[in-house]
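J.: sequence first, then the predicted structure:
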Amino acid sequence: MTDSDTHEQPLPGGDVTDGIVRVGDTVRRPVGEHSGLVHRALEHLEAAGFDGAPRFLGTDDQGREVLSFIDGDVAGRPWPAWVADPARGASVARLLRRLDDSLVLLGLPEHSAVRSWPSGAPEPVGPTATFLGHRDVTPENTVFRDGEAVALIDFDLLRPSSRVDEVANLLLWWAGWMAPEDRDPVFDGVDPGERGRLLVDAYGLSDEDVDWVVPVSVSAAQQSWHTMSHRAEELGGGWRRMWDAGVGDQIRRREHWLVAEQKSLRRALRESLVDESEEKSSS
Ligand SMILES: Nc1ncnc2c1ncn2[C@@H]1O[C@H](COP(=O)(O)OP(=O)(O)OP(=O)(O)O)[C@@H](O)[C@H]1O
Ligand SMILES: [Mg+2]
């Protein structure tokens, strides 16, 4: 065994999980309560022949999950300008569509179908959750090769979802669906409605689902505020640090922005439908 087989190279990452390392062609990550479900989903994706997710390779002698390392470019902080590139964004939407098409086949395995929401938050709106969605489609969790999104990693937030839940999460990160003052500078000059429409089209959301995107985004912001607040309180650590750094206020600003812009965002997303029906009627 050579040094490169055993050397642990820390992977720069998110705010919550410490101790993620690369060892040779694998990634080792600490496991948590949710890990059983994540492993089930990754095994399903492998069996279904979906190539855009890490393979689950088992656990190591330290009890960490072992995943395949996926070669390519992943955005770090500060985000590179290409995060706001429309063609890149559209490729993420197409990848998410393929991922969801595979996850839909797994449906909701036992122990995953609890419909719950944080206490104090309003009941979520939107289509029923029928499969385990990724729900964390951030630039840091997307691997690119030759300008094309090829894989999604970090399935820790996997949970019962609808396609609209997935697309709402996609727009948050790849269409700048948040208060302008919180948007990353790389999104300067990007119109959230127009970009949202591009991504919704690239995902291929049904007409009926398109109408849910804005209300579900508002609802997701409300859920998220309560969830983050509970986690800061109960789990502390990185959750508390994020809360103290103002993530709660940022989520509230997102909710208010979405509510203030709901009409124009809805209209922007519907324009694609109008275009399509015009094309149909003129052909
Ligand atoms: N399987 C993989 N293939 C390629 N790169 C990976 C893989 N897993 C992790 N990475 C790299 O390591 C970084 C951090 O990993 P990951 O996203 O899994 O955890 P995290 O975001 O730090 O965790 P959390 O979101 O729970 O705080 C990723 O942004 C990516 O650059
Ligand atoms: Mg991550």
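T.: Sure, I can see it. Ligands and ions are numbered 1, 2, ... in the order given.

J.: that's a strand at Leu205, yeah?
T.: No. Counting by DSSP: H, G, I helix; E, B strand; the rest coil, Leu205 falls outside a strand, being coil.

J.: now it: closest residue in space that isn't a chain neighbour?
T.: Distances taken as C-beta to C-beta, 6 or more residues apart in numbering place Val167 nearest to Leu205, at 5.7 Å, with adjacent residues excluded. Glycine gets a C-beta too; all of them are placed from N, C-alpha and C.

J.: now swap in Pro192 and tell me
T.: Nearest non-adjacent residue to Pro192, counting by C-beta to C-beta, 6+ apart: Gly176, 4.9 Å away.

J.: residue contacts, the closest residue to Leu157 other than its chain neighbours?
T.: Leaving aside its sequence neighbours, Leu157 sits nearest to Asp136 (C-beta to C-beta, 6+ apart; 4.1 Å). Each residue near Asp136 by C-beta atoms under 8 Å, 6 or more residues apart in numbering is listed here: Asp154, Phe155, Asp156, Leu157, Asn169.

J.: contact residues of the chain facing ligand 1?
T.: For the chain, the residues in contact with ligand 1 (C-beta under 6 Å from any ligand atom) are 11, 13-17, 20, 27, 29, 54, 67, 69-70, 74, 140-141, 143, 153-154, 156.

J.: quick one: which of those residues sit in helices?
T.: Per DSSP state H, helices hold no members of these.

J.: buried among these? Make that a PyMOL selection.
T.: To isolate the buried ones among the residues of the chain next to ligand 1 in PyMOL, judged by 16 or more other C-beta atoms under 10 Å, type:
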select buried, resi 11+13+14+20+27+29+54+67+69+70+74+140+141+143+153+154+156
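
J.: okay, and which of the residues of the chain next to ligand 1 map to strands?
T.: In strands, judged by DSSP state E, the following of the residues of the chain next to ligand 1 are found: Val27, Arg29, Leu67, Val143.

J.: could you identify the most distant pair in those?
T.: Arg29 and Val143 (15.5 Å; C-beta to C-beta).

J.: just checking, what packs against whatever helix or strand Gly248 lives in?
T.: Assigned by DSSP states H and E, Gly248 belongs to helix 247-260. Where contact means 3 or more C-beta pairs under 8 Å, 6 or more residues apart in numbering; DSSP states H and E, helix 247-260 is packed against helix 213-234.

J.: one more pass at 10 Å, please.
T.: helix 163-174, helix 213-234, helix 237-244 (3 or more C-beta pairs under 10 Å, 6 or more residues apart in numbering; DSSP states H and E).

J.: and among those helices, the most buried is which?
T.: Most buried of those by mean neighbour count (mean count of other C-beta atoms under 10 Å) is helix 163-174; its value is a mean of 26.

J.: tell me the mean pLDDT for that one?
T.: Helix 163-174 carries an average pLDDT of 98.

J.: what's the spacing between it and its chain's center?
T.: 7 Å (C-alpha atoms, centre = their mean, to the nearest Å).

J.: what bits of the stretch 151-283 of the chain have low per-residue confidence?
T.: 272-283 (pLDDT under 70).

J.: how about the residue of the chain found nearest ligand 2, nearest residue that isn't a chain neighbour?
T.: Proximity of the chain to ligand 2 (C-beta to the ion) peaks at Asp154, 3.6 Å away. Among residues not flanking Asp154 along the chain, Asn141 sits closest, at 4.3 Å (C-beta to C-beta, 6+ apart).

J.: domain ranges for this protein?
T.: If you go by automatic domain parsing, the domain ranges for the chain are 3-68, 81-274.

J.: so the residue of the chain closest to ligand 2 makes contact with Pro54?
T.: Yes. Assessed by C-beta atoms under 10 Å, Asp154 is found in contact with Pro54 at 8.9 Å.

J.: residues shared between the contacts of the two?
T.: Listed contacts common to Asp154 and Pro54 are Val27, Arg29, Leu67; contacts here mean C-beta atoms under 10 Å, 6 or more residues apart in numbering.

J.: how near is Phe235 to Gly63?
T.: If you look again at residue 235, you'll see it is Leu, not Phe. Using C-beta to C-beta, to the nearest Å, Leu235 is found at 20 Å from Gly63.

J.: give me phi/psi at Arg145?
T.: Main-chain dihedrals, Arg145, degrees, to the nearest 10: phi -140, psi 130.
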